[in-house]
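Asker: how would this look folded up:
(2 chains)
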Amino acid sequence: NAGVTQTPKFQVLKTGQSMTLQCAQDMNHEYMSWYRQDPGMGLRLIHYSVGAGITDQGEVPNGYNVSRSTTEDFPLRLLSAAPSQTSVYFCASSYDHTDTQYFGPGTRLTVL
Amino acid sequence: AQKITQTQPGMFVQEKEAVTLDCTYDTSDPSYGLFWYKQPSSGEMIFLIYQGSYDQQNATEGRYSLNFQKARKSANLVISASQLGDSAMYFCAMRENIYNQGGKLIFGQGTELSVKP
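Answerer: Residues are numbered from 1 along each chain as shown, chains lettered A, B, ... in the order given. All right, here's what the predicted structure looks like:
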């Protein structure tokens, strides 16, 4: 199993550009989520999904869109990047009743 | 109000000694889970240990144990026999509504642990 994979590892965008951060898992997990990590603020939940076709907002959803067409994939879209979205983005998934979430390696995004 | 509070931004411990990282939480949900994650300088998030609100015993995983005091709403991580490789940022997290998949993971701000040789 590859676990949770994320691409790209690093990305630099200009303000106003759009892009999609990819996340995939091969563990047949139903629950997937996106977090952003900013210095001194821990991780904050952006969006999450409890299964294919079902998504919901987390703590900081503005400026981001998600969709879940398959169990394996959960892409995060930035529609019009802003410098405030400069952060490290983590994707996570979980399956069992303890809901332990396993994280991908992260994507470091810089918006100029 | 903060749901997860980690009051120690940074800590030092001598190699081979034990260290306790503090975590307090706030919830009115009777069904919740508490997690600890380690984030080394390489950036990945590594799951360490889990404690459910209904678990009668404190969780242990190798050198990691969780000192769960439900009445005080604290879930401190104890690392025994510290190693240099334990130097990292440690995050406490909580998930409410634990038995349904819709629960959200809420993180504290983290504690940076440095192990001295």
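Asker: quick one: the strands in chain A?
Answerer: Applying DSSP state E to chain A gives strands spanning A:4-7, A:10-13, A:19-25, A:31-37, A:43-51, A:54-57, A:64-66, A:76-78, A:87-94, A:102-103, A:107-111.
Asker: With chain B instead?
Answerer: B:4-5, B:10-14, B:19-21, B:24-25, B:32-39, B:46-52, B:60-61, B:64-69, B:74-79, B:88-96, B:105-107, B:111-116.
Asker: which of those strands has the lowest average pLDDT?
Answerer: Mean pLDDT is lowest for strand B:105-107 among the strands of chain B, at a mean of 89.
Asker: Report all helices and strands that that one contacts.
Answerer: strand A:31-37, strand A:43-51, strand B:88-96 (3 or more Cβ pairs under 8 Å, 6 or more residues apart in numbering or on different chains; DSSP states H and E). For the C-beta atoms, the positions are set from N, CA and C on the backbone; glycine is no exception.
Asker: May I see these arranged in a markdown table, with distance to residue A:105 and mean neighbour count as well?
Answerer: Shown next, in a markdown table, are those (distance: least, Cβ to Cβ, whole Å; neighbours: other Cβ atoms under 10 Å in any protein chain shown):
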| stretch | distance to residue A:105 | mean neighbour count |
| --- | --- | --- |
| strand A:31-37 | 12 | 24 |
| strand A:43-51 | 14 | 21 |
| strand B:88-96 | 15 | 24 |
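Asker: So which of those is nearest residue A:25?
Answerer: Closest of the helices and strands packed on strand B:105-107 to residue A:25 is strand A:31-37, at 6.8 Å (criterion: Cβ to Cβ).
Asker: Kindly tell me how buried residue A:22 is, as a neighbour count.
Answerer: For residue A:22, the number of neighbouring residues by other Cβ atoms under 10 Å in any protein chain shown comes to 15.
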